[in-house]
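K.L.:
What shape does this take:
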Amino acid sequence: MKIGIDVSIIESNIAGIGHYVVGLIEGLVKVDRENNYVLITNNAENLKALKLRKNFEIIELKSKKVNFFWILKAGRYLRKQKIELLISPANFIFGVIFPNTIQIVYDLAPIKYPNFFSRIGALKYKLQLNWAVRNVKSIATISETVKRELLDNYKSLDNKVHKIGMGMNKVLLEPRDDDSSIEVKNKYNLPDKFLLSLGTLEPRKNYVNMIKGFGKFVKNNSDFKYVIVGKKGWFYKEIFKTVKDLNLTKNVIFTGYALEEEINHLYDLASGFVYLSLYEGFGMPNIEAYSRGLPVLTSGIPVFRETMRDNAVFANPIDIDSIASGMEKLISFGKVRIDKSFLGGYSWEKVAEKLVALY
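P.N.:
Numbering: from 1, shown residues only. Alright, predicted model coming up:
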């Protein structure tokens, strides 16, 4: 079968869904030598790190931006080249113009929490998802929680929605390298003791409440700092205002975007990981931190209960006392014993096998 994959989400500063698509392709390279894959991008330079087999081909439809017109152009290419199936990891419009599509859905955040997004952004997401789910061949989700949410919102999709899961970034499986960790520590001027959070600065990540919780925690633990790693997203000004209002400017460190190869060192340097999102479709940073032996404090929301099981401390993400108490528990643990069988469930090969089964 000749299968297209829209990989335009893979950008130079890779993040979020881009990581997922890279991992998925790596899994497909390992498990599928029978089908032929065409990776469609607007910038082939962003794919130079991929290691592909002969049954994978990169097609560049050059464009500075991935917009509606680029997607239409890609759709025409798909039909002209007689692509039999498309895997769409991000752009819902593909599901409308090319119905024989497997659409990957990561979460329903703009639908469940529209106030976390611009009005236009939330409406656009909802409309495009509505169009796509009614047209596509299949829908793949990264968690059972998102699958249930889709079925709750779209009653007619019962046989269309399938969980394929998520895999771990291979960088996180590399052994500890103290020399490289020291370089990262010096680069960001990190303290000896700190709690770590990682993710784009946006409302659903719940940084405001985490900072407030840290404000209570630090009163009895003045030797700890709070390090937040992530680029600015949207509606982030309140985060910085909260730090200033609570007089925590010397206690909270914002590093900005960190390189992919630095993430494991940041986990290795930290004393604990704090990830108290109000909503997620999966929450891979929790598992990444755990894989490095780091104790994890996370929200007691359904998807984190699903993905972390009993391998984390759970807190109420809107209760400041619960957050502060969770941080206290976190620093009492030290490094955690890693359950390798638990981590074995998060393999890109397994994700790829489940996806191939949908063809």
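
K.L.:
mind listing the helices for the stretch 201-350 of the chain?
P.N.:
Using DSSP state H, counting those that start in this stretch, the helices of the stretch 201-350 of the chain run over 207-220, 237-245, 263-269, 284-291, 302-308, 320-333, 340-343, 348-356.

K.L.:
which parts of the second one are buried?
P.N.:
By neighbour count with 16 or more other C-beta atoms under 10 Å, helix 237-245 contains the buried residues 239-240, 242-243. Bear in mind the C-beta positions are built from the backbone N, C-alpha and C, glycine included.

K.L.:
just to revisit the earlier point, to K2, which of the helices of the stretch 201-350 of the chain lies closest?
P.N.:
helix 348-356 (14.2 Å; C-beta to C-beta).

K.L.:
So which residues make contact with the closest one?
P.N.:
Residues outside helix 348-356 that contact it (C-beta atoms under 8 Å, 6 or more residues apart in numbering) are 23-24, 26-28, 30-32, 35, 87, 102, 140, 162-168.

K.L.:
Sort out which of the residues you listed are buried, if you could.
P.N.:
23-24, 26-28, 31-32, 87, 102, 140, 163-168.

K.L.:
which residues touch the helix or strand of the chain with the lowest mean pLDDT?
P.N.:
In the chain, the helix or strand scored least confidently by mean pLDDT, DSSP states H and E is helix 340-343, which has a mean of 88. Contacting residues not belonging to helix 340-343 are listed as 168, 287, 290-291, 309, 311 [C-beta under 8 Å, 6+ apart].

K.L.:
which residue ranges form the strands in this structure?
P.N.:
2-6, 36-41, 56-60, 85-88, 101-105, 138-141, 161-163, 194-198, 225-229, 252-256, 272-275, 296-299, 313-315 (DSSP state E).

K.L.:
would CSV of the ones you listed with mean pLDDT be doable?
P.N.:
What follows is these, written out as CSV (pLDDT from 0 to 100):
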stretch, mean pLDDT
strand 2-6, 97
strand 36-41, 97
strand 56-60, 96
strand 85-88, 97
strand 101-105, 97
strand 138-141, 96
strand 161-163, 96
strand 194-198, 97
strand 225-229, 97
strand 252-256, 96
strand 272-275, 98
strand 296-299, 98
strand 313-315, 97
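
K.L.:
and those strands as CSV, adding distance to W131?
P.N.:
Listed next are the strands of the chain as CSV, based on distance: least, C-beta to C-beta, whole Å:
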stretch, distance to W131
strand 2-6, 16
strand 36-41, 20
strand 56-60, 25
strand 85-88, 12
strand 101-105, 11
strand 138-141, 13
strand 161-163, 16
strand 194-198, 33
strand 225-229, 36
strand 252-256, 36
strand 272-275, 33
strand 296-299, 31
strand 313-315, 37
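
K.L.:
Need the winner for burial among those strands.
P.N.:
strand 296-299 (a mean of 28; mean count of other C-beta atoms under 10 Å).

K.L.:
Give me the contacts around that strand.
P.N.:
Strand 296-299 is contacted by residues 206, 272-278, 283, 286, 289-290, 304, 308, 311-317, 323, 326-327, 329-330 when judged by C-beta under 8 Å, 6+ apart.

K.L.:
Partner strands of that strand, with direction?
P.N.:
Partners of strand 296-299 in the sheet, by DSSP bridges, are strand 272-275 (parallel), strand 313-315 (parallel).

K.L.:
do you know which of those strands lies nearest D223?
P.N.:
D223 lies closest, by C-beta to C-beta, to one member of the strands paired with strand 296-299: strand 272-275, at 13.4 Å.
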